[in-house]
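In: what would the 3D arrangement of this be:
(one chain, ligands or ions: 4)
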Amino acid sequence: MNKTFTLLAYLSLATLCPIAHAGTFKTITIDDDHSDWIGVPVVDSDAADNPGFVDIAETQIANDNNFLYIRNTFHSSLSLGLFTGIDVDENIATGFDIFGLGLIGQDSGWQNDFPFTSSNGLGGGVFNDGQGMTGDFFGSGAALLDAFADSNERELAISLDIVRNPPTALVDVFPDSTVRLLFWTDQGPNGDVSGVINYTLAVPEPATVALLTALVGCLTIKRRR
Ligand SMILES: [Ca+2]
Ligand SMILES: [Ca+2]
Ligand SMILES: [Ca+2]
Ligand SMILES: [Ca+2]
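Out: Residues are numbered from 1 along each chain as shown. Ligands and ions are numbered 1, 2, ... in the order given. As a prediction, this is how the structure comes out:
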């Protein structure tokens, strides 16, 4: 029988599965009540490796159609000053290489809720080029953060619609469904970094069902041959 078709069906399954299962589609309320994170997978666990300073622990990420939601926990009650870095083009050669570790090339960043850009039109290596972003929140692409105080946990939202101000080769901060992030702090003798986190934006449940329905349709057609 049609081996090519069977192979294509399996390839479709392999292609669809990461999309269907990646990310967590959930609307989170930024309000310092973290009960809405129950059941959202931890995407990175960082060691207690920056004692006495901001010490990154666990990270959870979710999204809906409008926002990326992040929860960070800390090994102590210190959290202020933490940086969120996004490698917009997933290219280490553009943007700012955190501590020269070669982990990400940060193109857009936030210190607490404060947004900044690292590479607009200037190639690599610039921490803050001053050009900034446009969009929610506050018109500047700021993060919505709670609590804006030292804590052992924080939750924040970043709009998926923000753009980087011109001139820039990278306009949309979220140009596709994959997001590469790093959380970091320069506080402490050696600072602290999380692992590199690759997050695939989740789609709403009805779309997932539609994809599975389409797949079942493919397999049904195959059986009839
Ligand atoms: Ca909440
Ligand atoms: Ca840590
Ligand atoms: Ca980059
Ligand atoms: Ca670390």
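
In: around ligand 1, pick out the residues from this protein.
Out: 29, 31, 33, 36 (C-beta under 5 Å from the ion). Backbone N, C-alpha and C define where each C-beta goes, glycine included.

In: please list only the buried members of those residues.
Out: Neighbour-count burial (16 or more other C-beta atoms under 10 Å) applied to the residues of the chain next to ligand 1 gives residue 36.

In: for the residues of the chain next to ligand 1, work out which two are farthest apart.
Out: The largest separation in these, counting by C-beta to C-beta, is between 31 and 36 at 8.6 Å.

In: residue 64: neighbour count?
Out: Each residue near residue 64 was counted by other C-beta atoms under 10 Å, and the total is 17.

In: quick one, what contacts it?
Out: Residues near residue 64 by C-beta atoms under 8 Å, 6 or more residues apart in numbering: 25-27, 204.

In: take those residues and lay them out in JSON lines including pLDDT, secondary structure and neighbour count.
Out: Listed next are those as JSON lines, based on pLDDT from 0 to 100; DSSP: H, G, I helix; E, B strand; the rest coil; neighbours: other C-beta atoms under 10 Å:
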{"residue": "25", "pLDDT": "97", "secondary structure": "strand", "neighbour count": "15"}
{"residue": "26", "pLDDT": "97", "secondary structure": "coil", "neighbour count": "14"}
{"residue": "27", "pLDDT": "98", "secondary structure": "coil", "neighbour count": "13"}
{"residue": "204", "pLDDT": "90", "secondary structure": "coil", "neighbour count": "11"}
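
In: so which of these would you say is closest to ligand 4?
Out: Closest approach to ligand 4 among the contacts of residue 64 (C-beta to the ion): residue 26, at 26.3 Å.

In: isn't the closest one right next to residue 62, touching?
Out: Yes: counting by C-beta atoms under 8 Å, residue 26 touches residue 62, with 4.3 Å between them.

In: overlap in contacts of the two?
Out: Common neighbours of residue 26 and residue 62 (criterion: C-beta under 8 Å, 6+ apart): 40, 69.

In: my guess is residue 195 contacts residue 44, does it?
Out: Yes: assessed by C-beta under 8 Å, residue 195 is found in contact with residue 44 at 4.6 Å.

In: out of these two, which sits in the busier spot?
Out: When neighbours are counted by other C-beta under 10 Å, residue 195 and residue 44 differ, and residue 44 comes out ahead with 19 against 15.

In: next SSE after whichever strand or helix holds the more buried one?
Out: Residue 44 belongs to strand 42-45 when assigned by DSSP states H and E. Later in the chain than strand 42-45, the nearest helix or strand by DSSP H and E is strand 56-63.

In: paired strands for the next helix-or-strand element following that next one, with orientation please.
Out: Sequence-wise, the next helix or strand downstream of strand 56-63 (DSSP H and E) is strand 67-74. Strand pairing for strand 67-74, determined by DSSP bridges: strand 56-63 (antiparallel), strand 153-159 (antiparallel).
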